[in-house]
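A.B. asks: Build me a structure from this.
(2 chains)
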2 protein chains.
Amino acid sequence: MTRADPLETPAVIVDLDRVAENIARLQQYLDRHGIANRPHIKTHKVPEIAHLQVEAGAVGITCQKVSEAEVMADAGIGDIFIPYNILGVPKLERLMRLAARIRLSVTADSTVTVQGYAEAAHAAGRELTVLVEFDSGTRRCGVQSPHEAAALARVIARSPGLHFGGLMTFPHNAASDIFVRETRALLAAEDLAIECVSYGGTPGVWAAHERTEVTEYRAGTYVYGDRAMLKAGAMTPDQVALSVVCTVVSRPTAERGILDGGSKTFSSDLMGLEGHGLILQYPEARFYGMSEEHGHVDFSACERRPVIGERVTVIPNHVCPVSNLFDAIIGVRAGQDPVMLPVAARGRVW
Amino acid sequence: MTRADPLETPAVIVDLDRVAENIARLQQYLDRHGIANRPHIKTHKVPEIAHLQVEAGAVGITCQKVSEAEVMADAGIGDIFIPYNILGVPKLERLMRLAARIRLSVTADSTVTVQGYAEAAHAAGRELTVLVEFDSGTRRCGVQSPHEAAALARVIARSPGLHFGGLMTFPHNAASDIFVRETRALLAAEDLAIECVSYGGTPGVWAAHERTEVTEYRAGTYVYGDRAMLKAGAMTPDQVALSVVCTVVSRPTAERGILDGGSKTFSSDLMGLEGHGLILQYPEARFYGMSEEHGHVDFSACERRPVIGERVTVIPNHVCPVSNLFDAIIGVRAGQDPVMLPVAARGRVW
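C.D. replies: Predicted coordinates for the structure are as follows:
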């Protein structure tokens, strides 16, 4: 891209060839190990990419909120898992309207959540599949022990209109398998099967086959990649599919360069990394600071330094919030014209 | 608000009475000291609120990007300052189209930027007002010395189609005044006047009258307020107009509570504060972590602790990115029905 081309920066460029390769690679890996693939669309929020994932062999997709699932269902995705405690009458009514038109499953980690599902399912006259979320060390949501998991599974199984779907966690480790086995043992007496064991996370995705209990995997970031995934060793530089093109808008000193993208473009997620992004043309540059509309870069370690107006390509630390900050991305594919893809499910917080 | 009401969380609630008070307070202060008010709309991105600011006496508004200014011009705002180095033919063409219908001014900190303005103004057959940005210590954009400022002012003044509008910086301090005076002295010989000296920033806004050189002030955050402004002492708790209502969706342990808002709701901007937000109902709670759709809260210091499904009200650390993450806010006013206000200028990064 040159300065004369019509591209306005900051712009999110997605290499759709790499996206296709990333989708195929994960699908083949999970197929080889007999693990169902249910990618998390939080990373891209683009229905066209969700369709690529399903066409490649995914059993369905994962959305984090009801409103995201609505966008994906509207776009024709027919099987969605929402691994979230969904509470409150308005959301539960929307959930059951969604259950009327697609295959839908959700999670719970409390009897309060389960009760809401049961009432909503009863009111709608439909069955809802509910998995129990357990805490594998994130210290976020999730029941804390196999005893709690089994107790909640029993509540779900006993609730008219609800179907106990299995167990879900994020991320996963050897202890997750032990948790699942202990829960299974507790439920064996009453003949309650754990149909699905759903693990998630891109950093640990290539270790999924080492888990003895997993039946389904939810990975999100693998589709694009970012600096955090490179650091985690989950992806290689030539697999990263999303980058942000910025313009150097100021060179106030010999060392400093200012980009036209800051936290409104990249988010402030550091992900434990040094600097806010990797500048491909200036890998030695230190992207040391951001304000909302400016990226602050120290080029002192670079032999060559950019001129004002020059474009640079940045790999973000965390790619998911970048998708959420842009209304559209530019998809490129070798030998084809770029396409504008709306990020249809961005900003869906409900 | 009760659990039965139709409000879906996370929701951004804006107290429009407080907004009106905040707008009036700043306007009165600046009027008293003879400083023109040009509020920065980055904080709200809502045309209706920009109109309140202009109706209260603002000379115009400040937008950070051309695309933000387009939204505000479309909504009828007639005087906009874009304190940004605007580069590249597509943006400059849009800029000049904007200059054809509103009073517009911009900044530059380099001859490259000035040259682009001059070419665009020539091509459009219009005059463009350009202020010189100087660095008052942010180490972001801006010329570094009065000599550089004067040299760039001369380039602007000599460029057909450009009008030298004055000096701009963010934030401000005593040294800013010295910078302005030295630049003025350098320009006095050639009879080049500094018409406008534009300072900005809410944290330092109430010290604006101590500055001897400022003629115009750009404040943004004062309209809503946030935890950072409380900490800076620029606002009091009863002036904070924006809050985020979240639902407690999980209570996995006796201490931990999980909210349905995370970095996709609040952004990850810490602003040097401890924790990610102040929970009004549980001021002792520690909002210690976030993932995209979950807020992680430690309630161990609270005597009373929330139940699952309970709603809490959170004051964000940094309010501007919250506006950018929501498509709409809910405006409330004593004695009136809530109104939904689209955040029309959100996501405008160009």
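
A.B. asks: how about the longest strand belonging to chain A, does it get close to chain B?
C.D. replies: When chain A is parsed with DSSP state E, its longest strand is strand A:242-250. Yes - using C-beta under 8 Å from any C-beta of the partner chain, we find that strand A:242-250 touches chain B at A:247, A:249-250. Heads up, the C-betas are built off the backbone N, CA and C, glycines and all.

A.B. asks: for stretch A:259-272, same thing?
C.D. replies: Yes - against chain B, stretch A:259-272 shows contacts by C-beta under 8 Å from any C-beta at A:260-261, A:263-265, A:267-270.

A.B. asks: Next step: those restricted to helices.
C.D. replies: Residues of these located in helices (DSSP state H): A:263-265.

A.B. asks: Just the buried residues out of these, in PyMOL syntax.
C.D. replies: To isolate the buried members of these in PyMOL, using 16 or more other C-beta atoms under 10 Å in any protein chain shown:
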select buried, chain A and resi 263+264+265
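
A.B. asks: residues contacting A:R32?
C.D. replies: A:R32 makes contact with A:H209 under the criterion C-beta atoms under 8 Å, 6 or more residues apart in numbering or on different chains.

A.B. asks: Could you measure from it over to A:V19?
C.D. replies: Applying C-beta to C-beta, to the nearest Å, the value for A:R32 to A:V19 is 21 Å.

A.B. asks: I'd like the next helix or strand past the longest helix seen in chain A.
C.D. replies: If you go by DSSP H, chain A has its longest helix at helix A:16-32. The helix or strand immediately downstream of helix A:16-32 is strand A:36-37, counting by DSSP states H and E.

A.B. asks: Wait, A:G225 touches A:S243, no?
C.D. replies: No - A:G225 is beyond contact range of A:S243, at 9.8 Å (criterion: C-beta atoms under 8 Å).

A.B. asks: what about A:S300, how many neighbours?
C.D. replies: 13 (other C-beta atoms under 10 Å in any protein chain shown).

A.B. asks: for it, helix, strand, or coil?
C.D. replies: On the three-state scheme (DSSP: H, G, I helix; E, B strand; the rest coil), A:S300 is labelled coil.

A.B. asks: any idea how far A:S291 is from it?
C.D. replies: 20 Å.

A.B. asks: which SS class is the nearest residue to A:S267 once chain neighbours are set aside?
C.D. replies: Using C-beta to C-beta, 6 or more residues apart in numbering or on different chains and skipping the chain neighbours, the partner closest in space to A:S267 is A:P321 (3.6 Å). Per three-state DSSP, the secondary structure class of A:P321 is helix.

A.B. asks: surely A:P321 meets B:E292?
C.D. replies: Yes - using C-beta under 8 Å, A:P321 is in contact with B:E292, at 6.9 Å.

A.B. asks: okay, and the common contacts of the two?
C.D. replies: Contacts common to A:P321 and B:E292, judged by C-beta under 8 Å, 6+ apart, are B:263-264.

A.B. asks: Sketch out the low-pLDDT regions of the stretch 201-350 of chain A for me.
C.D. replies: Across the stretch 201-350 of chain A, nothing is flagged by pLDDT under 70.

A.B. asks: Flag every residue of it that's near chain B.
C.D. replies: A:247, A:249-253, A:256, A:258, A:260-261, A:263-265, A:267-270, A:289, A:291-294, A:296, A:307-309, A:320-321, A:324-327, A:347, A:349-350.

A.B. asks: So which of those belong to strands?
C.D. replies: Judged by DSSP E, strands contain the following of those: A:247, A:249-250, A:256, A:258, A:289, A:296.

A.B. asks: Nearest to A:D191 among the residues of stretch A:259-272 next to chain B?
C.D. replies: A:D269 (45.0 Å; C-beta to C-beta).

A.B. asks: which ones are touching the residue nearest to the closest one when sequence neighbours are not counted?
C.D. replies: Once flanking residues are discounted, A:D269 sits nearest to A:H318: 3.9 Å by C-beta to C-beta, 6+ apart. Applying C-beta under 8 Å, 6+ apart, we find A:H318 in contact with A:226-228, A:267, A:269, A:271.

A.B. asks: One more pass at 6 Å, please.
C.D. replies: A:226, A:228, A:269, A:271 (C-beta atoms under 6 Å, 6 or more residues apart in numbering or on different chains).

A.B. asks: now for the residues you listed, which pair is the farthest apart?
C.D. replies: Counting by C-beta to C-beta, the most remote pair of the contacts of A:H318 is A:D226 and A:D269, 9.4 Å apart.

A.B. asks: the more surrounded of those two?
C.D. replies: The residue with more neighbours, out of A:D226 and A:D269, is A:D226; 29 against 23, by other C-beta under 10 Å.

A.B. asks: now that one: how far from B:Q239?
C.D. replies: 39 Å.

A.B. asks: before we move on, the earlier item: dump the residues of strand A:242-250 next to chain B to CSV, plus neighbour count.
C.D. replies: Formatted as CSV, the residues of strand A:242-250 next to chain B follow (neighbours: other C-beta atoms under 10 Å in any protein chain shown):
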residue, neighbour count
A:T247, 26
A:V249, 28
A:S250, 28
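
A.B. asks: and of those residues, the nearest to A:G335?
C.D. replies: A:T247 (26.6 Å).

A.B. asks: Neighbours of the nearest residue to the closest one once chain neighbours are set aside, how many?
C.D. replies: Computed as C-beta to C-beta, 6+ apart, the closest residue to A:T247 that is not its neighbour in sequence is A:T9, at 4.5 Å. For A:T9, the tally of surrounding residues (other C-beta under 10 Å) stands at 23.

A.B. asks: Kindly report the same for A:V322.
C.D. replies: A:V322: 27 neighbours (other C-beta under 10 Å).

A.B. asks: A:P316 is in contact with that one, correct?
C.D. replies: Yes - A:V322 is within contact range of A:P316, at 5.1 Å (criterion: C-beta atoms under 6 Å).
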